[in-house]
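Engineer: got a sequence here, can you model it:
(one chain, ligands or ions: 1)
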Amino acid sequence: MVYQREVVASLPAYVQGKSIPNAVKLSSNENPYPPLASVLETVREQAGSFNLYPDMSARDLVERIARHLDVRPEEVAVGAGSVEVAAQLIHACAGEGDEVMFAWRSFEAYPILVRVAGATPVPVPLTTDDRHDLDAMLAAITERTRLILVCTPNNPTGAVVTRDEMQSFLDRVPSDILVVIDEAYTHFDDDPDSASGLEFFRNYDNVAVLHTFSKAYGLAGLRVGYAVAHEEVAANLRRVAVPFGVSALAQTAAIASLDAEEELQDRIDLIREERSRVLAALREGGLEVFDSRGNFIWLRTGANTVAIDEALRERGIVARAFPGDGIRVTIGTPEMNDGFIAAILSAARLNEPSLIS
Ligand SMILES: *Cc1c(COP(=O)(O)O)cnc(C)c1O
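Structural biologist: Below is the predicted model:
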C-alpha cells in the first residue's frame, strides 16, 4: 500500500443533494430556472474553442466583477466555484496545528476543506434559534485561530448575521485573524438589518467576502465563484489556486450573467416571493418554521428527520436531510413548491404530534 495521509481516509465524503428520476429535486439550492437565453447564447458562441486553455488570470471576468462591486481588480480572486475559493482561503491561512473556526451547523464543505488543509476545524454551535453565536465564537478564539468563516445567510438554517452583530464581532476579533464572510445567498437576502460583507471588507483589513455564480446567477454546473479580499490576501489566493481552474465557458457565462443582472433579478424576486408563500403555507398548516433569507427553508425535525425525509421522498420530493437535526428544502418554481407544500403537510400530519419544532 502506498503512503497516504491518514487524515484523508477519515474524511467524510461531501454529500451531494440526491437526484431521483421523476422526483422534484429540492436538495441542492440550485436555481430552478434554465440558463438565461443571453447567457446561453454567449456560452454557445464560445463552445467552439474549448481546445484552448482559458485565460489563467481570468482578467476580463476579474475586471468585470471589480467594476460591478466597485473594488479594485487586485482585490478579486476567482476559483472553480466559491467552494474552491474557500479552499484557497484556508490553504493560504492555515496548515498543520492551525485552527479554522465556523458556526455549526453551517456549510458542510467547511470541515472537510479544513481537514484537507491539515488544519483543525473548530465548529461552534449555533444559538437555540439557529443563528451564529458570535459571542461563543469570540470565546473560542485561541492563539492558533487563523481563519473564521461566517456564513450569512447561513446554509442550511437561513439565518443572517446583522450589521450590528458583525460590527461588534469584528471589533473584537484580533486583527491578524482573517474573517471570511460567505455570502453565497446574498441575492436572496431581503433583511434590511443584514450585514453587508463588502461594507465590512472596506472597513476592516482582516475581512474577505465570498460570492458565487452558482445560486442566484444559476451557473452551478459551470463552477465559478470569487473572493473579494485585500490585495496581499488575494495575491496569495492566486498562488494557491489550481492553475486554469475556471474554464473559459465559466468565465464567459459569469460576465454575461453580470451583464444580465436585471433579468436575473426578476427570477430572484420570484424566488423570494415563493419563499414567503411556502413559509406562510407551512405555518398555516400548523408547522413552526423560522424565516429564511436564502433560496431554501429549514425545518427543525430533530429526531424525526429521517422519517419525515422518507415521507417526503415517498411523495416525490427530494430534500436535504441532516439526520438528528433538520431538513433543508430549496425554493423551486411555483409548481415544485406546491408539490413540496402538499407533501410536507401530509407527511407532518402522519407524524403527529407536531414533529417540527
Ligand atoms: C452553495 C454554497 C457555496 C458555493 O458553492 P459553489 O458552487 O462552489 O460556488 C458556497 N458557500 C455556501 C455556504 C454555499 O451554500
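Engineer: low-confidence ranges, the chain, go.
Structural biologist: Where the chain drops to pLDDT under 70, the residues are 350-357.
Engineer: run a quick neighbour tally on Arg144.
Structural biologist: Using other CB atoms under 10 Å, the number of residues around Arg144 comes to 13. Backbone N, C-alpha and C define where each C-beta goes, glycine included.
Engineer: residue contacts, the nearest residue to it once chain neighbours are set aside?
Structural biologist: Distances taken as CB to CB, 6 or more residues apart in numbering put Glu99 closest to Arg144, at 4.5 Å, once the chain neighbours are dropped. Applying CB atoms under 8 Å, 6 or more residues apart in numbering to Glu99 gives the contacts 119-122, 142, 144-146.
Engineer: give me the distance between Glu99 and Gln4.
Structural biologist: Using CB to CB, to the nearest Å, we find Glu99 at a distance of 24 Å from Gln4.
Engineer: for the stretch 51-200 of the chain, which segments count as helices?
Structural biologist: 59-69, 82-93, 109-116, 134-139, 163-172, 197-203 (DSSP state H, counting those that start in this stretch).
Engineer: tell me which of these sits nearest to the ligand.
Structural biologist: When these are compared by CB to the nearest ligand atom, helix 82-93 sits nearest the ligand, at 3.4 Å.
Engineer: next, the angle from that closest one to helix 109-116.
Structural biologist: For helix 82-93 against helix 109-116, the angle by axes from the mean of the first three to the mean of the last three CA atoms, to 10 degrees is 40 degrees.
Engineer: re earlier: next step: the contacts of Glu99 restricted to strands.
Structural biologist: Residues of these located in strands (DSSP state E): 120-122, 145-146.
Engineer: looking at these, state which has the most neighbours.
Structural biologist: Neighbour count (other CB under 10 Å) singles out Thr145 as the most crowded of the ones in strands among the contacts of Glu99, with 22 neighbours.
Engineer: what sits against that one?
Structural biologist: Residues in contact with Thr145 (CB under 8 Å, 6+ apart) are 98-101, 122, 177.
Engineer: repeat that for 6 Å
Structural biologist: The contact partners of Thr145, taken as CB atoms under 6 Å, 6 or more residues apart in numbering, are 99, 101, 177.
Engineer: nearest to Ala159, of the residues you listed?
Structural biologist: Nearest to Ala159 among the contacts of Thr145: Met101, at 17.5 Å, using CB to CB.
Engineer: so how many other residues sit close to Ala37?
Structural biologist: Neighbours of Ala37 (other CB under 10 Å): 10.
Engineer: the residue nearest to Ile65 when sequence neighbours are not counted and Arg272: what is the separation?
Structural biologist: Closest residue in space to Ile65, ignoring its immediate chain neighbours: Val76 at 5.0 Å, by CB to CB, 6+ apart. Separation of Val76 from Arg272 (CB to CB): 27 Å.
Engineer: the two: who's more crowded?
Structural biologist: Comparing Val76 with Arg272 by other CB under 10 Å, the one with more neighbours is Val76, at 24 against 17.
Engineer: His68 is in contact with the more buried one, correct?
Structural biologist: No. Between Val76 and His68 there is no contact under CB atoms under 6 Å: 9.7 Å.
Engineer: residues contacting whichever residue of the chain sits closest to the ligand?
Structural biologist: Distance from the ligand to each residue of the chain (CB to the nearest ligand atom) is smallest for Gly81, at 2.4 Å. By CB under 6 Å, 6+ apart, the residues touching Gly81 are 223, 225.
Engineer: near the ligand, which residues of the stretch 1-150 of the chain show up?
Structural biologist: Within the stretch 1-150 of the chain, the positions adjacent to the ligand are 29, 81-83, 107 by CB under 6 Å from any ligand atom.
Engineer: of those - the most surrounded one?
Structural biologist: That'd be Ser82 among these, by other CB under 10 Å, with 28 neighbours.
Engineer: before we move on, the earlier item: so the residue nearest to Arg144 bridges to which residues?
Structural biologist: Beta-bridge partners of Glu99, counted by DSSP bridges, are Thr120, Thr145.
Engineer: quick one: work out the angle between the strand or helix carrying Glu273 and helix 59-69.
Structural biologist: In the assignment (DSSP states H and E), Glu273 maps to helix 261-284. Per the same axes, to 10 degrees, the angle that helix 261-284 makes with helix 59-69 is 60 degrees.
Engineer: so which elements touch helix 261-284?
Structural biologist: helix 334-350 (3 or more CB pairs under 6 Å, 6 or more residues apart in numbering; DSSP states H and E).
Engineer: what's the angle from the helix it packs on to helix 261-284?
Structural biologist: Interaxial angle, helix 334-350 versus helix 261-284 (the same axes, to 10 degrees): 20 degrees.
Engineer: buried set for helix 334-350?
Structural biologist: Using 16 or more other CB atoms under 10 Å as the test for burial, helix 334-350 gives 336-341, 343-345, 347-348.
Engineer: check stretch 89-103 too.
Structural biologist: Across stretch 89-103, burial judged by 16+ other CB under 10 Å covers 89-94, 98-103.
Engineer: okay, how far is it across that stretch, tip to tip?
Structural biologist: 17 Å (CA to CA, to the nearest Å).
Engineer: stretch 120-129 too?
Structural biologist: 26 Å.
Engineer: what lies in contact with it?
Structural biologist: 99, 101, 103-104, 111, 114, 133, 136-137, 140.
Engineer: mind doing that once more with 8 Å?
Structural biologist: For stretch 120-129, the surrounding residues in contact (CB under 8 Å, 6+ apart) are 97-106, 110-111, 114-115, 132-133, 136-137, 140, 144-145, 154, 157, 159, 290.
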